[in-house]
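[1] Sequence and predicted structure are below.
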Amino acid sequence: MSSHRTDRLSASPPLFESRFLDFFSRVHPSIPAIVFVPVVAVGVWAGFDGGYDVLQVVGLFLLGLFIWTLSEYWLHRLVFHWEPDHPLGSRLHFIMHGVHHEHPNDPLRLVMPPAVSIPLAALFLSLFALIFGTPAAYPAFAGFIAGYLTYDYTHYHLHHHVPRTTAGKQLREQHMRHHFQDHRYGYGVSSPLWDYVFRTRSRKLNDR
């Protein structure tokens, strides 16, 4: 890979003219864990405090984790890759996800900034409470957030390291094909499950 292309892939261009706003578009990869690991712990604790036993808390946690895998797939497919035919929409798409495809190795734009993740987490917590009621929503939401953290750090790992496990190598190949071969395939980052279900698994061009 040429030095020029390497520099372009790793570049971190400003997204906003305002330095104040642009500051919030970048985030150190440790921040999601600092913000959300306590949320996971509190959610699990709230399940026990609400009277659930170990099996019930584990079951709700796994349900939330499962819901995350589906949410990850559809958020990536429908929201991040939605490109409306309007200059404002195109600009919004670039800010949300297009910049990542232009500069996929920017180390400060590989995990979701709290300015986006915290409001989204609040929205999903409200939906969990509406659907499951409380306190059931809390351990389920803890599993959902654990899934989100797995996604964020898997994404960072796939871009900045070469996985040694077979599963890790397969995930990296799928994600790199999504970036550099055809972005209409390979929407799952931390799990390929829904790409198999919805037939969007990234494959070699001559396999299609």
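    Structure received. Numbering: from 1, shown residues only.

[2] In the helix of greatest length in the chain, which of the residues would be classed as buried?
    Identified as the longest helix of the chain according to DSSP state H is helix 137-160. Buried positions in helix 137-160, judged by neighbour count with 16 or more other Cβ atoms under 10 Å: 137-155, 157-159. (C-beta placed from N, C-alpha, C; glycine too.)

[3] do stretch 166-183 as well
    For stretch 166-183, by 16+ other Cβ under 10 Å, it's 171, 172, 174, 175, 177, 178, 179, 183.

[4] Show me how far it is from its chain's centre.
    15 Å (Cα atoms, centre = their mean, to the nearest Å).

[5] Over to stretch 137-148?
    14 Å.

[6] neighbouring contacts of it?
    32, 36, 39-44, 46-47, 50, 52, 57, 60-69, 71-72, 117, 121, 124-125, 128-129, 131-132, 190 (Cβ atoms under 8 Å, 6 or more residues apart in numbering).

[7] cutoff 6 Å now
    Contact with stretch 137-148 is made by 36, 39-40, 43-44, 46-47, 57, 60-61, 63-65, 67-68, 125, 128-129, 132, as judged by Cβ atoms under 6 Å, 6 or more residues apart in numbering.

[8] thinking again about what came up before, after the longest helix of the chain, next one along is what?
    Sequence-wise, the next helix or strand downstream of helix 137-160 (DSSP states H and E) is helix 166-180.

[9] unless I'm mixing things up, residue 27 is touching residue 116, no?
    No. Residue 27 is beyond contact range of residue 116, at 9.4 Å (criterion: Cβ atoms under 6 Å).

[10] So between the two, which is more surrounded?
    Each of residue 27 and residue 116 has its neighbours counted (other Cβ atoms under 10 Å); residue 27 has more, 21 against 14.

[11] for residue 62, what are its contacts?
    Listed by Cβ under 6 Å, 6+ apart, the contact set of residue 62 is empty.

[12] hmm, 10 Å instead?
    Shown in contact with residue 62 (Cβ atoms under 10 Å, 6 or more residues apart in numbering): 139, 140, 143, 146, 147.

[13] Can you check what pLDDT the model gives it?
    At residue 62, the pLDDT value in this model is 98.

[14] what do you get for the one 3 residues further on?
    Residue 65 carries a pLDDT value of 97.

[15] so how far is residue 40 from the residue nearest to it when sequence neighbours are not counted?
    Once flanking residues are discounted, residue 65 sits nearest to residue 143: 4.1 Å by Cβ to Cβ, 6 or more residues apart in numbering. As judged by Cβ to Cβ, to the nearest Å, residue 143 and residue 40 stand 8 Å apart.

[16] follow-up on the earlier one: name the member of the contacts of residue 62 with the shortest distance to residue 85.
    Using Cβ to Cβ, residue 147 comes nearest to residue 85 of the contacts of residue 62, at 32.8 Å.
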